[in-house]
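Enquirer: okay, predicted coordinates and the sequence, questions at the end:
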Amino acid sequence: MHHEENYVVRKASLEDIELLQKLGRQTFHETFRDSNTPENLNKYLEENFNFRQLTKELNKQGSEFFIAWQGDAPVGYLKINTGEAQLEFKKADEMEIERIYVLKAFWGKFAGQHLLDFALSLGRKQNLHKVWLGVWEKNFRALRFYEKNGFLPFSSHDFIVGDDVQTDILMQLTLK
């Protein structure tokens with residue numbers, strides 16, 4: 001049974017910073033707690049979800065955050081980067097999906113799919129050629145999700161969680 005119609009995606013602003021902080025921390029923790037030490041997880045969360053860092057990211061030209069809602073409940077979020085805001089490559093006709101995270105209670109309930117579809121439609125509206133992203137090589141659930149959506153691996157890079165250097169598989173999708 002599809003529940004997509006229950007989700008509404010809205011652009012996040014500075015007023016949403018505490019909510020983004022909470023969503024960001026909780027979803028990252030739920031996704032990776034079984035595969036990282038608590039020390040490394042906490043260090044990553046402190047560095048990436050503090051007030052100053054999130055304010056900087058929300059204000060950055062070319063970066064946008066969106067929150068998925070089911071009624072009054074926030075269920076996940078998306079961060080996209082275009083132009084110079086992209087972490088790598090920085091091609092004008094490409095978009096990076098830096099983060100799609102959904103609360104564990106909504107895994108398998110199409111919330112992630114809804115956010116991805118939303119991101120891809122934004123890319124198409126902007127006539128972008130490609131969408132790319134990085135997925136941790138051991139996050140098999142996410143790798144399957146993106147493969148199912150037509151993303152193909154093309155490279156890899158390092159991703160640091162605390163003092164653990166991990167490998168992200170870079171995947172891309174050509175927009176029709």
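Expert: Received it, and whenever you're ready, just let me know what you need.
Enquirer: any idea of the pLDDT on residue 176?
Expert: For residue 176, the model assigns a pLDDT of 79.
Enquirer: same deal with residue 4?
Expert: For residue 4, pLDDT reads 50.
Enquirer: helices of this structure, start to end?
Expert: Taking DSSP state H as the criterion, the chain contains helices spanning 17-32, 38-48, 51-59, 111-125, 140-148.
Enquirer: which of the ones you listed is buried the deepest?
Expert: Mean neighbours per residue, mean count of other CB atoms under 10 Å, is largest over the helices of the chain for helix 111-125, with a mean of 19. Bear in mind the C-beta positions are built from the backbone N, C-alpha and C, glycine included.
Enquirer: which other residues reach it?
Expert: Identification of contacts with helix 111-125 by CB atoms under 8 Å, 6 or more residues apart in numbering yields 4, 7, 9, 66, 68, 70, 75-78, 80, 95, 97, 100, 102-103, 106, 131, 145, 149, 173, 175-176.
Enquirer: check the average confidence over it, would you?
Expert: 98.
Enquirer: roughly how far out does it sit from the chain middle?
Expert: Helix 111-125 sits 11 Å away from the centroid of its parent chain (CA atoms, centre = their mean, to the nearest Å).
Enquirer: orientation of that helix relative to helix 140-148 in degrees?
Expert: 40 degrees (axes from the mean of the first three to the mean of the last three CA atoms, to 10 degrees).
Enquirer: so which of the helices of the chain is nearest residue 155?
Expert: helix 140-148 (14.1 Å; CB to CB).
Enquirer: what's residue 132 in contact with, if anything?
Expert: 89, 94, 95, 96, 97, 154, 170, 171, 172, 173.
Enquirer: any chance of those residues in CSV, plus distance to residue 38, pLDDT and neighbour count?
Expert: Formatted as CSV, the contacts of residue 132 follow (distance: CB to CB, whole Å; pLDDT from 0 to 100; neighbours: other CB atoms under 10 Å):
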residue, distance to residue 38, pLDDT, neighbour count
89, 33, 95, 12
94, 36, 98, 20
95, 34, 98, 26
96, 29, 98, 27
97, 27, 98, 22
154, 33, 97, 11
170, 28, 98, 18
171, 29, 98, 23
172, 33, 98, 19
173, 34, 98, 19
